[in-house]
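# need a 3D model of the sequence below.
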Amino acid sequence: MDTEVVVESASLISHLECPECGTIHSAHEINTVCANPDCKSALYAKYHLPTGLSKSILNGRPATMWRYKEFLPVIDETNIVTLGEGFTPIIPIGNFKKHASGNEVFWKDESGNPTGSFKARGISAAVSKAKELGLTKLAIPTAGNAGGALAAYAARAGMHAIVYMPRQTPQVFKDECRLYGAELVEIDGSISDCGRLVNEHALLHGWFQVSTLKEPYRLEGKKTMGYEIAEQFDWQLPDVILYPTGGGTGLIGIWKAFDELEQLGWIDSKRPKMVAVQSESCDGIVQAFLAGESTSNFVDGGFTIANGLRVPKPYADKLILRVLRESEGTALNISDAEMNAGVNEVARNEGMLIAPEGAALWQAFKKLKAGNWIKPGERVLLINTGNGYKYLENIEIEG
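Numbers count the residues shown, from 1 in each chain. Purely as a prediction, here's the structure:
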């Protein structure tokens, strides 16, 4: 039986720690990546995680990601900037049961989040902590969804957002940034090109960057998917989780959440196999995993209908590859043609208009099942990261 532990503040955050070299950083100061010049790794927020803390603390709390406030980085609750993000549904497949024979298969559908994607989670956490630290001007390179999320949450917080976005991004992503009042800069190139310019201009103008895993707190927002998965599956994790991997923050965050939950005593040591699914256009993680490498190469084959998967070299590639190997998972790539077919197939059979990134997972699931990598009896979760309506410019309707 759980022994009650009293929590006296909103957050149990202790410090920031580098997962590569172990350097400790203060959670009360502005940080980006590890200050060790020989490292520069992404930083992990660390918490005091008492084993006597009961799951009953969640009873009656709002169905948002902030129900897990003790394990999020905002110390003073008045600094939380929220639009109701998180606690998205887990939906069993319906008419696809013939494809899933012998397996229970579920979607975790992130499309209902504010601004239509899972990016709302990380941006809510990052903007909230930025507010707590006194920051007012936030800049981001984006493939689409993260920029719209930053624009919305900055507007909510009364901050100024500067968004750098590839010119090839569908117009809806650009329009939403401008509607929320962000300063939008369109770039000829990929998110990597946007990132280089943001870095230069942020140093020049004094902006704070909320680039993927180049600040510590987007990871904390994304990890709440892991907390939710555990709670929604009654604290018994699925056997396999498929995740569309661009920057990979969510993949790393979910894995971090499971470690924290085990420390709390809320789950046991059983872990799902984690599967990174990439576009053929940018599949550096797949190539590195299959080659047994610990880092990935820069791979940019150009445009893909899954904007979020055009990340030529994730900043935290080492951490992504580590999670895949620790979980005994795998990685595979999916073509644009397959993703387009997947969007159509899922819409017509499941009544869900999912993002191409989510459709890539469906195609990957079928391949892994056909190859017997997914075993009979395993429970499988696919994480649809965004709303397909925002991608209509990229999608060809079949039939």
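# does the residue nearest the centre of the chain lie in a helix or a strand, and which?
In the chain, the residue lying closest to the centroid (CA atoms, centre = their mean) is Gly250, at 2.8 Å. In the assignment (DSSP states H and E), Gly250 maps to helix 249-264.
# and the angle for the next helix or strand after that helix with helix 249-264?
As assigned by DSSP H and E, the chain's next helix or strand after helix 249-264 is strand 273-279. Orientation of strand 273-279 against helix 249-264 (axes from the mean of the first three to the mean of the last three CA atoms, to 10 degrees) gives an angle of 170 degrees.
# which parts of the following helix or strand past strand 273-279 are buried?
Next in sequence after strand 273-279, counting helices and strands by DSSP H and E, comes helix 284-291. By 16 or more other CB atoms under 10 Å, the buried positions in helix 284-291 come out as Gly284, Ile285, Val286, Ala288, Phe289. Yep, even glycine has a C-beta here, placed from its N, CA and C like the rest.
# dump the residue contacts of the closest residue to Met339 other than its chain neighbours.
Counting by CB to CB, 6 or more residues apart in numbering, Met339 lies nearest to Pro356, which is 4.3 Å off, once chain neighbours are set aside. When contacts are counted by CB atoms under 8 Å, 6 or more residues apart in numbering, Pro356 touches 304-306, 309, 336, 339-340, 342-343, 388, 391, 394-395.
# dump these to CSV, plus neighbour count, secondary structure and pLDDT.
As requested, those are exported to CSV (neighbours: other CB atoms under 10 Å; DSSP: H, G, I helix; E, B strand; the rest coil; pLDDT from 0 to 100):
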residue, neighbour count, secondary structure, pLDDT
Thr304, 26, coil, 94
Ile305, 25, coil, 95
Ala306, 30, coil, 95
Leu309, 28, helix, 95
Asp336, 19, helix, 98
Met339, 30, helix, 98
Asn340, 20, helix, 98
Gly342, 22, helix, 98
Val343, 29, helix, 98
Gly388, 22, helix, 96
Tyr391, 28, helix, 95
Asn394, 21, coil, 94
Ile395, 20, coil, 96
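# closest one of those to Ile90?
Ile90 has its nearest neighbour among the contacts of Pro356 in Gly388, at 18.3 Å by CB to CB.
# can you list the weak-confidence ranges in the stretch 151-300 of the chain?
Within the stretch 151-300 of the chain, no stretch has pLDDT under 70.
# what angle sits between the helix holding Gly250 and helix 284-291?
Going by the same axes, to 10 degrees, helix 249-264 makes 60 degrees with helix 284-291.
# buried residues of helix 249-264, list them for me.
By neighbour count on 16+ other CB under 10 Å, the buried set for helix 249-264 is 249-262, 264.
# domains in the chain, as residue ranges please.
13-79, 90-114+221-391, 119-209 (automatic domain parsing).
# turn the buried residues of helix 284-291 into TSV, including distance to Leu219.
Output for these, formatted as TSV (distance: CB to CB, whole Å):
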residue	distance to Leu219
Gly284	20
Ile285	17
Val286	22
Ala288	21
Phe289	21
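# now the strands for the stretch 101-250 of the chain?
104-109, 137-141, 160-166, 183-187, 208-209, 240-244 (DSSP state E, counting those that start in this stretch).
# so which of the ones you listed is nearest Gly399?
strand 104-109 (22.6 Å).
# quick one: contacts of that closest one?
Identification of contacts with strand 104-109 by CB under 8 Å, 6+ apart yields 88-93, 96, 225, 228-229, 232, 238, 350, 352, 354, 358, 365, 379-384.
# partners of it in the sheet?
strand 90-92 (antiparallel), strand 379-384 (parallel) (DSSP bridges).
# hey, C-alpha coordinates of the last one in CSV?
Spelled out, that is strand 379-384. As requested, the backbone C-alpha atoms of strand 379-384 are provided in CSV (Å, rounded to 0.1, in the frame of the first residue of the first chain):
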residue,chain,number,x,y,z
ARG,A,379,0.2,-4.8,-27.7
VAL,A,380,1.2,-2.0,-30.1
LEU,A,381,0.8,1.7,-29.8
LEU,A,382,1.2,4.2,-32.8
ILE,A,383,1.5,7.8,-31.9
ASN,A,384,-0.1,10.1,-34.5
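# identify the residues contacting it?
Around strand 379-384, the neighbours that count as contacts under CB under 8 Å, 6+ apart are 90, 100, 103-111, 118, 225, 229, 238-244, 250, 272, 352, 354-355, 357-358, 361-362, 365, 374.
# try the first one
By CB under 8 Å, 6+ apart, the surrounding residues in contact with strand 90-92 are Glu104, Val105, Phe106, Trp107, Lys108, Asp109, Ile229, Gln232, Phe233, Met352, Leu381.
# just flag the most distant two among those.
Top of the distance list for the contacts of strand 90-92 (CB to CB): Phe233 and Met352, 19.8 Å.
# neighbour count winner among the two?
The neighbour count for Phe233 versus Met352, taken as other CB atoms under 10 Å, is higher for Met352 (20 against 15).
# backbone dihedrals for that one, both of them.
Note on Met352: backbone dihedrals following degrees, to the nearest 10 are phi -120, psi 120.
# correct me, but it touches Glu345?
No. Taking CB atoms under 8 Å as the definition, Met352 is not a contact partner of Glu345, at 10.5 Å.
# give me the neighbour count for Arg348.
So Arg348, with other CB under 10 Å, has 12 neighbours.
# okay, and it sits in which element?
Arg348 belongs to helix 336-350, assigned by DSSP H and E.
# what residues does that helix touch?
Contacts for helix 336-350 (CB under 8 Å, 6+ apart): 93-96, 107, 279-281, 304-306, 334, 352-360, 362-363, 388, 391, 395-399.
# swap in stretch 147-163?
81, 83, 114-117, 119-120, 122-124, 127-128, 130-131, 135-140, 142, 164-165, 173, 176-177, 179-185, 198, 201, 207, 210.
# circling back: list buried residues within the contacts of strand 379-384.
For the contacts of strand 379-384, buried by 16+ other CB under 10 Å: 100, 103, 105-111, 118, 225, 229, 238-244, 250, 272, 352, 354-355, 357-358, 361-362, 365, 374.
# can you give me the helices in this protein?
Taking DSSP state H as the test, the helices found in the chain are 119-132, 145-157, 171-179, 191-205, 218-232, 249-264, 284-291, 317-326, 336-350, 356-370.
# could you check the angle strand 160-166 makes with the third one?
Between the direction of helix 171-179 and that of strand 160-166, the angle (the same axes, to 10 degrees) works out to 160 degrees.
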